[in-house]
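1. got a sequence here, can you build the structure:
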Amino acid sequence: MEIKSTDLVSLFEQSLRALEKEKGSKELQDIGRVVQVGDENCRIHGLSSAVYGELLQFEGGNQGIVLDLKEDHLVAFLLYSHIPVNEQEVVRRTGGVFKAPVGEKLLGRVLNAIGIPIDALGDLNAADYHPIEVDIPGIIERSPIDEPLETGIAAVDALVPIGRGQRELIVGNRSTGKTALALDAVLHQKGKNVICVYVSIGQRQANLARIVRLLEENGALEYTVVVSADASTSALNRYLAPYVATTIGEYFREQAKDVLIIYDDLSNHATAYREISLLMRRPPGREAYPGDVFYLHSRLLERAGKLLKGGSLTALPIVQIQGDDITAYIPTNLISITDGQIFLDTKLFNAGVRPAVNVELSVSRVGGAAQTKAIKKMTRALRLELAQYNELLAFSQFGSELDAVSQKRLARGGVVVELLKQPQFATLSFIDQALQLFLLRENFLDDVPRAQVRNCALQFMSYIKSVYEPLYKSIQETKDISPETLNGLREAAQEFMTVFVARD
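-> Take a look at the predicted model:
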């Protein structure tokens, strides 16, 4: 009977393992050799007991992660691009997985996807290292989302509210303000005991430097961790970055703290995984993405949530689309995974509506449960008014004459759009948002010229805060507008509008 060489090797391995068991020796190690070096990866023969995701140690000092297991070899992707790997190099198993640094000392730091600081501020001094892939909390361990995470953006907090522990997708074309909206949310967390984690995937280094400087100038870097895998890094680094950032966020959540994590953006993450898959010669599927790309993002975003024992991880993933097409493969995947989406419209952006939130395509599946009572009372029928406005606006462009009721709705919708415009880095507290929405709800802005609407609302907020401080503090403490407070605001608004109209 002919014995194949592979069978002979197996017989030798069995004999050695039996000898090891008999003598109780632990000297026998699982050692492999590099048989082929490719682009950012290598094929290794001999590590028959290696498992998927295991960290390998190369003789030359490099490390790799097992991402593909074949019958006679495995494929490992290299962590360090600057350390060469040669054929016939010896590879050893570590018995562990890749781990990310965690700890309080990471706040205010900028690090890359493999946990090395890139901000020239010295060592990280991490408290511990945690695996980047963990079992997610089950249903029993989670708490319902009933606490708002304020973004400071009126169009979001009023119409598509985000709760602590929610996953809200930000979707839009290139240059429509997706990152700006997410950064506003980060800046607004100052003094609110929320830890922020910002992960940059496949972005330019200049963009990252600009963002870090912005956070530093606004005092937001002290409660933020920045993880970067820029466009010049390997596909493995871009693939690992969001998992590393989530691991850091989970550490703070385990300390019963609230965490906000921003993935900017998951389009580049999916592209990095596609690159890895094609290098491993896996067949491309829809839009050239492998079939398991849905699992890639679902197991990432399922880690967000609010826990019964305290602490929450709120995820704001960003995805870029082309031509306002939200039916592409990756956006539809993410829409089905998340708890709602904020759609930023190119036409609105070009028309000067900032933030360019398309109310008709944006939704929060948590809804009013993630709003304070003050905001909820003031936003009734607001979404309907905007929808009617958009329909009438499209109809009026045909040149048809509108009846008086339609003209009034059109004018009213124009006031709403003007009121919800908000410059970047000028976030509003929920009290200020409630006050400006109060003016709208009580029809105080109907006779104000369109160009003066926002200025009028801003001055009214300042007027209440300085002249009617008890009303302001009442809303702040109760997070509600009682009938007594509402009557007080009506009197104050009448007084203010008399002065404002007379002055203008």
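2. quick one: the closest residue to L300 other than its chain neighbours from A100, how far?
-> Spatially, and ignoring its direct neighbours in sequence, L300 is nearest to P242 (5.7 Å; Cβ to Cβ, 6 or more residues apart in numbering). C-beta coordinates here come from the backbone N, C-alpha and C atoms, glycine included. In this view, P242 and A100 are 11 Å apart by Cβ to Cβ, to the nearest Å.
3. of those two, who's got more company?
-> Set P242 next to A100 and count neighbours by other Cβ atoms under 10 Å: P242 wins out with 31 against 25.
4. checking R43 next. Helix, strand or coil?
-> Counting by DSSP: H, G, I helix; E, B strand; the rest coil, the backbone at R43 sits in strand.
5. count of neighbours near it?
-> 20.
6. find the nearest non-adjacent residue to it, please.
-> Once chain neighbours are set aside, the closest to R43 by Cβ to Cβ, 6+ apart is Q36, at 4.2 Å.
7. make sure the one you found is indeed in a strand.
-> Yes. With three-state DSSP as the criterion, Q36 is located in a strand.
8. mind listing what's buried in stretch 93-102?
-> 93, 97-102 (16 or more other Cβ atoms under 10 Å).
9. with stretch 258-270 instead?
-> 258-270.
10. now stretch 230-240
-> In terms of neighbour count (16+ other Cβ under 10 Å), stretch 230-240 has its buried residues at 230, 233-240.
11. tell me which of these fall in helices.
-> In helices, judged by DSSP state H, the following of the buried residues of stretch 230-240 are found: 235-240.
12. adding pLDDT and distance to H297, write those out as a markdown table.
-> Conversion of those to a markdown table gives the following (pLDDT from 0 to 100; distance: Cβ to Cβ, whole Å):
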| residue | pLDDT | distance to H297 |
| --- | --- | --- |
| A235 | 95 | 16 |
| L236 | 96 | 17 |
| N237 | 96 | 18 |
| R238 | 97 | 14 |
| Y239 | 97 | 12 |
| L240 | 97 | 14 |
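13. tell me the one among those nearest to A158.
-> Closest approach to A158 among these (Cβ to Cβ): R238, at 35.3 Å.
14. what's the closest non-adjacent residue to that closest one?
-> Nearest residue to R238 in three dimensions, chain neighbours excluded: A272, at 3.6 Å (Cβ to Cβ, 6+ apart).
15. mind listing what that neighbour touches?
-> By Cβ atoms under 8 Å, 6 or more residues apart in numbering, A272 lies in contact with 201-202, 235-236, 238-239.
16. nearest to V85, of those?
-> The nearest one, if we look at those relative to V85 and count by Cβ to Cβ, is L236, at 13.2 Å.
17. measure the closest residue to the closest one other than its chain neighbours to G53 for me?
-> Beyond its immediate neighbours in the sequence, the residue positioned closest to L236 (Cβ to Cβ, 6+ apart) is F77, lying 4.3 Å away. The span separating F77 from G53 equals 11 Å under the rule Cβ to Cβ.
18. out of those two, which sits in the more crowded spot?
-> Neighbours were tallied for F77 and for G53 using other Cβ under 10 Å; the higher tally belongs to F77 (24 against 14).
19. now G163: how far from V366?
-> Using Cβ to Cβ, which is the criterion applied here, G163 is 5 Å from V366.
20. my bad, should have said V357
-> Here the distance between V357 and V366 works out to 17 Å (Cβ to Cβ).
21. over to D339?
-> Counting by Cβ to Cβ, the separation of D339 from V366 is 6 Å.
22. okay, and the common contacts of these two?
-> Jointly contacting D339 and V366 under the rule Cβ under 8 Å, 6+ apart are 145, 166.
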